[in-house]
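# Structure of the sequence below:
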Amino acid sequence: MSTNIQDGTGTRNRLRVTGENRALVQAVIISEEDNAIVRGDGYQIASTPVTFTGPTSSAVLYTKNDDDRDFVLDRAVLILGSAVSASADQDWTFQVLRNPTAGTIIDNAVPAGISNSNHGSANTPNGDNFKGVEGDTFTDGSGAPQRIKQSIDRIILPLGRRLPKGTSIGFKLTPPIGTQSAQALVVTHWWYDNDTQG
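Residues are numbered from 1 along each chain as shown. Now for the predicted structure:
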């Protein structure tokens, strides 16, 4: 005896079965980040353009998650201006710090630029998001420096970091040796993972 599975909306369409006895269905696949954006839980968090007057290592962006859900960092975009007076063989240095807790960027607490990636949502991230200026510091946290060639003026770094509640991340930039003036900007792309809430 066979059973017909029909569309419940009254069209009388029936489920098809292939010759291999598989139900014929269609699926739409979207990334977890895109799904979070649909919910209004995707964000861009950015420093403003930081003006450098020398090769000073500076804390430029800080994020701490205070939400019960994990805050997931997908990528960071670095936009690097010309390093005036630096020789071509000298590089920028970018550093991602794990769990910084102190420094002038945190003490000064200047709000970072935040944009919800869903233009129909007014949600904001739950936590601290601060931007820095030249000379701002982190006094703790750990992470390996990464060299960035001067010839690269825009780079997308697929960082893949996850911040459970209470954890933080910091971003430091150092212009090339010899720099007398330069500007740089860091933009990070985040989303909340609803599957991790308590």
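
# What distance separates the opening and closing residues of stretch 22-35?
28 Å (CA to CA, to the nearest Å).

# again, but for stretch 150-157
First-to-last residue span, stretch 150-157, CA to CA: 16 Å.

# Show residues contacting that stretch.
75-83, 86, 88, 90-92, 94, 146, 148, 176 (CB atoms under 8 Å, 6 or more residues apart in numbering). C-beta here means a position set from N, CA and C on the backbone, and glycine is covered the same way.

# all strands for the protein, in order.
Along the chain, counting by DSSP state E, strands occupy 42-46, 50-52, 58-65, 70-80, 92-98, 113-116, 127-131, 145-148, 154-157, 161-163, 168-174, 182-193.

# most neighbours per residue, which of those strands?
Comparing the strands of the chain by mean neighbour count (mean count of other CB atoms under 10 Å), strand 58-65 comes out on top with a mean of 26.

# Tell me the helices and strands packed up against that strand.
Here strand 58-65 touches strand 42-46, strand 50-52, strand 70-80, helix 104-108, strand 127-131, strand 161-163, strand 168-174, strand 182-193, going by 3 or more CB pairs under 8 Å, 6 or more residues apart in numbering; DSSP states H and E.

# if you set the cut-off to 7 Å instead, what comes out?
helix 104-108, strand 127-131, strand 168-174, strand 182-193 (3 or more CB pairs under 7 Å, 6 or more residues apart in numbering; DSSP states H and E).

# With mean pLDDT and distance to residue 37 added, can I get these in a markdown table?
Below are the helices and strands packed on strand 58-65 laid out as a markdown table (pLDDT from 0 to 100; distance: least, CB to CB, whole Å):
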| stretch | mean pLDDT | distance to residue 37 |
| --- | --- | --- |
| helix 104-108 | 98 | 28 |
| strand 127-131 | 98 | 18 |
| strand 168-174 | 98 | 20 |
| strand 182-193 | 97 | 7 |
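
# Throw the strands of the chain into a markdown table and include distance to residue 138, thanks.
Shown next, in a markdown table, are these (distance: least, CB to CB, whole Å):
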| stretch | distance to residue 138 |
| --- | --- |
| strand 42-46 | 16 |
| strand 50-52 | 14 |
| strand 58-65 | 5 |
| strand 70-80 | 16 |
| strand 92-98 | 6 |
| strand 113-116 | 19 |
| strand 127-131 | 11 |
| strand 145-148 | 13 |
| strand 154-157 | 18 |
| strand 161-163 | 16 |
| strand 168-174 | 5 |
| strand 182-193 | 14 |
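
# Out of the ones you listed, which is closest to residue 36?
strand 182-193 (3.6 Å; CB to CB).

# roughly how far is that closest one from the heart of the chain?
5 Å (CA atoms, centre = their mean, to the nearest Å).

# Next: stretch 174-189.
That offset, for stretch 174-189, works out to 18 Å (CA atoms, centre = their mean).

# Render the CA-only coordinates of that stretch in PDB, please.
The C-alpha trace of stretch 174-189 is given here as PDB (Å, rounded to 0.1, in the frame of the first residue of the first chain):
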ATOM      1  CA  THR A 174      52.500  49.700  13.700                       C
ATOM      2  CA  PRO A 175      53.500  51.700  10.600                       C
ATOM      3  CA  PRO A 176      56.700  50.900   8.700                       C
ATOM      4  CA  ILE A 177      60.000  52.200  10.200                       C
ATOM      5  CA  GLY A 178      60.700  55.700   8.900                       C
ATOM      6  CA  THR A 179      57.100  56.700   8.600                       C
ATOM      7  CA  GLN A 180      56.400  60.400   9.200                       C
ATOM      8  CA  SER A 181      52.700  60.300   8.400                       C
ATOM      9  CA  ALA A 182      50.100  57.600   7.500                       C
ATOM     10  CA  GLN A 183      46.500  56.700   8.100                       C
ATOM     11  CA  ALA A 184      45.000  53.300   8.600                       C
ATOM     12  CA  LEU A 185      41.500  51.800   9.400                       C
ATOM     13  CA  VAL A 186      40.400  48.400  10.700                       C
ATOM     14  CA  VAL A 187      36.900  47.100  10.000                       C
ATOM     15  CA  THR A 188      35.800  43.800  11.700                       C
ATOM     16  CA  HIS A 189      32.800  41.600  10.700                       C
END
